[in-house]
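Participant: What follows is a predicted structure for the sequence shown.
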Amino acid sequence: MSTPIVECIANYSEARRPEVVEAIASSITGVRGARILDRHSDLDHNRSVITFIGSPEAIEEAAFQSIKKAAELIDLDQHHGEHPRIGATDVVPFVPITDVTMQDCVAIANRLGERVGNELGIPVYLYEQAAKSPERQNLENIRRGQYETLKEEIATHPDRFPDFGPARLGPAGATVIGARYPLIAFNVYLSTADVGIANQIARVVRNSSGGLRYVKALGMLVEGRAQVSMNLTNYRGTSVARVVEMIRREAARYGVAIHHSELVGLIPEEALVDVAVWYLQLDQFTPEQILERKLYSPESIQASETGGTTTAHQSFLDELAASSATPGGGAAAAYAAAAGAALVAMVARLTIGKKKYVDVEADMQAILEEAEELRLELTEAVIRDSEAFNQVMAAYKLPKESAIQEEGRNSAIEKAICEASHVPLEVAQKTTRILELAERVISSGNIQAISDGGTAAALAQAAIESALLNVRTNAKMLKNQKEVDALRSEASRLENLTGVLRSKIRSILADRGGIGPG
C-alpha cells in the first residue's frame with residue numbers, strides 16, 4: 001500500500017498584505033510532513049487559497065496551525081473584498097487523495113472543528129460530506145449574509161448556531177470545515193466592466209438557478225472586468241468545456257465575449273484531457289494515448305525495471321489473493337460493481353454526440369452523471385468494506401476478564417458486525433441502481449457498445465449476489481433479531497428486483513442485439 005495522502009485547499013481572507021499570507025504559509029510548512037503544492041492570491045477578492053498535502057495527521061495539524069495564525073493576523077471588522085466570507089480562515093475542505101477514504105476526511109473535519117472551537121474559541125460549521133444536517137451541505141447556506149449578518153444572528157437564530165465553538169463572533173469570524181471530492185475553482189473574465197452581465201450569466205449557468213449541474217457561480221467585478229467566478233464540484237458530471245461554451249453563448253446575447261479565463265489552485269489532469277477531447281472531437285480517444293502517461297505509468301516503470309509486465313490493479317488483486325482476511329468478498333463485490341458503473345458511463349459517452357442518438361442524448365447525459373457518482377461511491381466502498389471487517393476483528397480482541405469488560409466487548413462486537421453488514425448492503429443497493437442504468441443504455445444506447453452494456457449488467461448482477469451473500473453471512477452473527485430481520489428483508493427485496501431486471505435485460509439483448517442466452 002502507498003502512503004496515505006490528504007489534500008487541504010484552505011481559503012484565507014487576506015491577499016493585500018503579502019507578509020500575512022507568508023506567515024500563514026509558514027505555519028503550514030512548519031508542520032513536519034505538510035507540503036504546499038500551490039498558492040493563489042487575488043487582490044480584488046482579498047483572498048488567498050493555499051493547497052497543501054501530506055499524511056492525515058500532518059495535514060490536520062497544519063490546518064489547525066494556519067487557522068490559529070490567521071486568527072492572530074486578520075481582523076474581519078477591517079476586511080473588505082469582492083468574495084463572500086465569514087472568517088479569517090473562511091473555508092477548510094479536506095480531500096481524499098491516496099489510501100484515504102471520505103470517511104477519514106470527515107473524521108479529520110470533526111476533530112479539527114472541535115479543537116478549533118475549544119482551543120481558539122472560533123465558531124465552526126461543518127459542510128459538504130461532513131455536514132451534520134442537509135441544509136449545511138452547501139457552503140452558500142452557511143455563508144449567507146457574510147460575516148456582518150452572521151455576527152448579528154449567530155447567538156439568536158438556532159439555525160445559525162455553530163457545530164463547534166461559541167455562538168458568538170470575534171474579529172476572526174467563523175470557519176467552515178468539511179470534506180469533499182476534488183473541486184475546480186475556475187473564473188471566466190468577460191470583455192466588459194458591466195458586472196450586471198456577469199451576474200446574469202452566473203444565474204444561467206449555476207445549478208441552484210436551474211443551470212448546469214455541479215456548477216456554483218457568482219458575478220463579480222475583478223481587475224476592472226466583469227467576472228463569472230465558479231466552483232465546479234464534479235468535473236466528470238459537468239465538464240469545464242461545457243461550462244465555458246455555455247458562458248460564451250450567453251455572453252454573445254449581450255454583445256460581449258470571453259476575454260480570458262483563470263484557474264485558482266490546481267486542476268486534475270483528467271479534467272484538462274476532457275476539455276481537449278471535447279474541443280477536438282476525439283471520439284475514439286483513450287487516456288493510454290497520452291505519451292507521458294505511458295512513459296511514467298507504474299506499469300511501464302516496473303516493466304522497465306524488472307523486464308516483466310504488470311497491470312493497473314495488480315496491487316488490489318495481490319492483496320485479494322493474500323492469506324489475510326481483508327480485502328475479501330465484500331470488497332471484491334464493490335470492485336466489480338464499480339467496474340459495472342464504469343462500463344455504463346462508457347456506453348453513455350459513446351452515445352452522446354452521435355447524430356443517430358440525438359433523441360436520447362439528454363437521457364444519456366443524466367445516466368453518465370449518475371453512473372460516475374456511483375462509481376466513486378463504490379470505489380470508496382472497496383476500502384470501507386475492509387475497514388468494517390477490521391473493526392470486527394479488533395472488537396473480538398478486546399479484553400473480557402471482568403463482567404464490565406465482557407459487556408463492553410460484546411457491545412463493540414455487535415456494533416462492528418452491524419456496520420460490516422450495512423456496507424455490503426449499501427453496495428447491493430447502489431449496484432441495483434447500476435443494473436437499472438445498464439438496462440437503459442442497453443435499450444437505447446449506442447448499438448456498437450451493446451456488449452459493453454451487457455457486461456456492465458453481468459458485473460452488476462454478480463456484485464449484487466456477492467454483496468448479499470456477505471450481508472446474510474454477517475447477519476447470522478448478530479444478536480439483535482430486529483436488525484437481522486431488517487437486513488434479510490432488504491436483501492430479499494433487492495434479490496427479487498435483480499431477478500426482474502435480469503429477465504428484462506436478457507430480453508432486450510436478444511431483441512436489440514441478437515445476443516441471447518447460450
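Facilitator: Structure received.

Participant: so where's the protein uncertain?
Facilitator: 1-2, 294-315, 513-518 (pLDDT under 70).

Participant: Domain-wise, how is it divided?
Facilitator: Here the domain parsing of the chain from automatic domain parsing is 5-179, 184-268, 314-513.

Participant: Output those in JSON lines, with mean neighbour count and distance to V275 appended to each entry.
Facilitator: All C-beta atoms are positioned from the backbone trio N, CA, C, and that covers glycine. Converted to JSON lines, these look like this (neighbours: other C-beta atoms under 10 Å; distance: least, C-beta to C-beta, whole Å):
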{"stretch": "domain 5-179", "mean neighbour count": "20", "distance to V275": "19"}
{"stretch": "domain 184-268", "mean neighbour count": "18", "distance to V275": "5"}
{"stretch": "domain 314-513", "mean neighbour count": "19", "distance to V275": "15"}
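
Participant: I'd like the ones you listed laid out as CSV, including distance to E292.
Facilitator: Below are the domains of the chain laid out as CSV (distance: least, C-beta to C-beta, whole Å):
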stretch, distance to E292
domain 5-179, 19
domain 184-268, 15
domain 314-513, 21
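
Participant: Out of those, flag the one nearest L280.
Facilitator: In terms of C-beta to C-beta, the element of the domains of the chain nearest to L280 is domain 184-268, at 10.3 Å.

Participant: now for the domains of the chain, which one comes closest to V277?
Facilitator: Across the domains of the chain, closest to V277 is domain 184-268 (C-beta to C-beta), at 8.5 Å.

Participant: just to revisit the earlier point, mind checking which of the domains of the chain is nearest W278?
Facilitator: So among the domains of the chain, domain 184-268 is nearest, using C-beta to C-beta, at 3.9 Å.

Participant: end to end, how far does that closest one reach?
Facilitator: 8 Å (C-alpha to C-alpha, to the nearest Å).

Participant: about what we covered before: quick one, which of the domains of the chain gets closest to F285.
Facilitator: Taking the domains of the chain one by one with C-beta to C-beta, domain 314-513 is closest: 10.5 Å.

Participant: With T286 as the reference, name the closest of the domains of the chain.
Facilitator: Checked against C-beta to C-beta, the stretch from the domains of the chain lying closest is domain 314-513, at 10.4 Å.

Participant: Indicate which one of the domains of the chain is closest to L282.
Facilitator: domain 314-513 (11.1 Å).

Participant: In which helix or strand does F94 reside?
Facilitator: Using DSSP states H and E, F94 maps to strand 89-98.

Participant: any idea how far that strand is from the chain center?
Facilitator: For strand 89-98, the separation from the chain centroid amounts to 11 Å (computed by C-alpha atoms, centre = their mean, to the nearest Å).

Participant: Would you map the helices across the stretch 101-250 of the chain?
Facilitator: Assigned by DSSP state H, counting those that start in this stretch, the stretch 101-250 of the chain shows helices spanning 102-115, 139-142, 146-153, 195-205, 240-253.

Participant: Using TSV, lay out the ones you listed together with distance to G211.
Facilitator: Supplementary listing: the helices of the stretch 101-250 of the chain in TSV, determined by distance: least, C-beta to C-beta, whole Å:
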stretch	distance to G211
helix 102-115	26
helix 139-142	14
helix 146-153	23
helix 195-205	4
helix 240-253	8
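
Participant: For Y12, find the nearest of these.
Facilitator: Between the helices of the stretch 101-250 of the chain, helix 146-153 lies closest to Y12; by C-beta to C-beta that is 13.7 Å.

Participant: and the closest one with strand 89-98, angle?
Facilitator: On the basis of axes from the mean of the first three to the mean of the last three C-alpha atoms, to 10 degrees, helix 146-153 is oriented at 110 degrees to strand 89-98.

Participant: Three-state assignment for the residue nearest to Q429 when sequence neighbours are not counted, please.
Facilitator: Nearest non-adjacent residue to Q429, counting by C-beta to C-beta, 6 or more residues apart in numbering: L494, 6.6 Å away. Under DSSP: H, G, I helix; E, B strand; the rest coil, L494 falls in the helix class.

Participant: Surely L494 and T432 touch.
Facilitator: Yes: assessed by C-beta atoms under 8 Å, L494 is found in contact with T432 at 5.5 Å.

Participant: Show me whatever sits in contact with both of the two.
Facilitator: The contact sets of L494 and T432 overlap at I464 (C-beta atoms under 8 Å, 6 or more residues apart in numbering).

Participant: Counting residues, which helix of the chain comes out longest?
Facilitator: helix 403-444 (DSSP state H).

Participant: going on from that one, what's the next piece of helix or strand?
Facilitator: Downstream of helix 403-444, the first helix or strand assigned by DSSP H and E is helix 450-475.

Participant: Okay, strands next: where are they in this protein?
Facilitator: All strands of the chain, identified by DSSP state E, fall at 5-12, 35-42, 47-54, 89-98, 124-128, 175-179, 184-190, 215-222, 225-232, 258-264.

Participant: Spit out the contact partners of E262.
Facilitator: Counted by C-beta under 8 Å, 6+ apart, E262 has contacts F186, N187, V188, Y189.

Participant: is it in a bridge, and if so with what?
Facilitator: Beta bridges link E262 to N187 when assigned by DSSP bridges.

Participant: Distance check, it against D104.
Facilitator: For E262, the distance to D104 (C-beta to C-beta, to the nearest Å) stands at 32 Å.

Participant: Of all residues in the chain, which one is nearest the centre?
Facilitator: By C-alpha atoms, centre = their mean, the chain has its centre lying nearest to Y181, at 2.4 Å.

Participant: Contacts only, for Y147.
Facilitator: So Y147 contacts L76, H79, R85, I86, G87, L169, G173, A174 (C-beta under 8 Å, 6+ apart).

Participant: For the residue lying closest to the second one once chain neighbours are set aside, give me its contacts.
Facilitator: So the one you mean is H79. Ranked by C-beta to C-beta, 6+ apart and with sequence neighbours excluded, the top spatial neighbour of H79 is S13, at 5.3 Å. Listed by C-beta under 8 Å, 6+ apart, the contact partners of S13 are 46-47, 70, 74, 76, 79, 81, 85, 87-90, 173.

Participant: try 7 Å
Facilitator: N46, R47, I74, L76, H79, G81, R85, G87, A88, D90 (C-beta atoms under 7 Å, 6 or more residues apart in numbering).

Participant: From I50, how far off is the spatially closest residue to the last one that is not a sequence neighbour?
Facilitator: Spelled out, it's D90. Nearest non-adjacent residue to D90, counting by C-beta to C-beta, 6+ apart: N11, 4.6 Å away. Computed as C-beta to C-beta, the N11 to I50 distance reads 8 Å.

Participant: and if you look at V92?
Facilitator: Separation of V92 from I50 (C-beta to C-beta) stands at 10 Å.

Participant: hey, what's in contact with both of the two?
Facilitator: By C-beta under 7 Å, 6+ apart, the residues touching both V92 and I50 are A10.

Participant: Which among the domains of the chain is found nearest to A276?
Facilitator: Smallest distance to A276 across these (C-beta to C-beta): 8.7 Å, for domain 184-268.

Participant: Quick one: distance of the closest one to the chain centre.
Facilitator: 21 Å.

Participant: same check, this time on stretch 391-400
Facilitator: Using C-alpha atoms, centre = their mean, the offset of stretch 391-400 from its chain centre is 32 Å.

Participant: on that earlier part again, what's near enough to touch the residue nearest to the centre of the chain?
Facilitator: V95, N234, L376.
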